[in-house]
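J.: I need the structure of the sequence given here:
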Amino acid sequence: MSADHCAVRIVADDRERAGGVIAELRRLEGVEVEVRRLWTGDFLVAERFVVERKTLGDFARSVIDKRLFRQAARLATAEGRGVLILEGGMQDLIESGLSRESLQGALITVGVFYGLAVLRARDAAETARLLTYLAGQAQQDATGALSRPGYRPKGKRARQLFILQGLPGVGPGRAARLLKHFGSVENVTAASAEDLTAIDGIGETTAGKIRWALEEP
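T.: Numbers count the residues shown, from 1 in each chain. Have a look, this model is predicted:
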């Protein structure tokens with residue numbers, strides 16, 4: 001296989017060395033792997049997709065301590081499409097103690113409100129293959145072989161406003177005021193209901209609905 005014409009390129013965060021995915025990627029043909037520090041996500045695929053990899057155990061812990069929603073906000077506003085890969089089997093989730101309802105609520109939040117693509121992998125080897133498939137399809141898309149339907153806001157501010165308008169009771173005006181007041185989507189997700197009511201047009205009821213959407217059930 002020609003490295004110049006057929007190889008796919010994946011950048012891995014240097015903190016992912018212990019996870020096993022980098023080693024698996026290096027076993028695959030036609031994959032160029034660069035290891036360096038990434039400020040958002042664990043992998044950068046084809047310079048277009050920012051991928052966060054979580055074992056199901058870590059996913060459960062990040063839901064419980066609310067870390068997941070801060071990470072989702074960063075992924076959703078990164079330069080590139082955000083992707084979350086959940087790795088592991090159901091036994092890992094059972095051992096974590098996270099309820100099915102909390103799992104479903106978290107998946108709705110990251111998939112619907114933050115617009116992240118959520119993929120599943122059994123283990124590190126399958127995660128590596130998913131990254132490679134994603135890189136390969138990105139190459140096809142670049143040549144026009146794949147279509148990209150749907151609304152895709154241009155620019156970071158437009159994307160931030162688009163995300164905020166996915167929250168209950170938040171239209172364009174409230175989204176703009178939220179972003180102006182808090183400065184980022186991440187800060188909005190961390191705001192308490194009392195903080196949210198400081199925004200013109202957001203009362204206790206709307207603030208409560210926003211917190212309900214962002215928190216685990």
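
J.: by mean pLDDT, flag the weakest helix or strand of this protein.
T.: Every helix and strand of the chain was ranked by mean pLDDT, DSSP states H and E. The lowest is helix 90-96, at a mean of 75.

J.: helices or strands up against that helix?
T.: helix 56-64 (3 or more Cβ pairs under 8 Å, 6 or more residues apart in numbering; DSSP states H and E). Every C-beta, even on glycine, is put in place using the N, C-alpha and C of the backbone.

J.: can you name the residues in contact with the helix it packs on?
T.: 54, 67-68, 71, 86-90, 92-93, 95-98, 102-103, 106, 216 (Cβ atoms under 8 Å, 6 or more residues apart in numbering).

J.: buried only: go through these for me.
T.: 54, 68, 71, 86-88, 92-93, 96, 98, 102-103, 106, 216 (16 or more other Cβ atoms under 10 Å).

J.: identify the farthest-apart pair in those residues.
T.: Glu87 and Glu216 (20.4 Å; Cβ to Cβ).

J.: contacts for the least confident helix or strand of the chain?
T.: Thr55, Leu56, Gly57, Phe59, Ala60, Arg61, Leu103.

J.: re earlier: let's see which of the buried ones among the contacts of helix 56-64 end up in helices.
T.: Leu68, Gln71, Asp92, Leu93, Ser96, Ser102, Leu103, Ala106 (DSSP state H).

J.: I'd say the second one and Val51 touch.
T.: No. The pair formed by Gln71 and Val51 falls short of the contact definition of Cβ atoms under 8 Å, at 11.9 Å.
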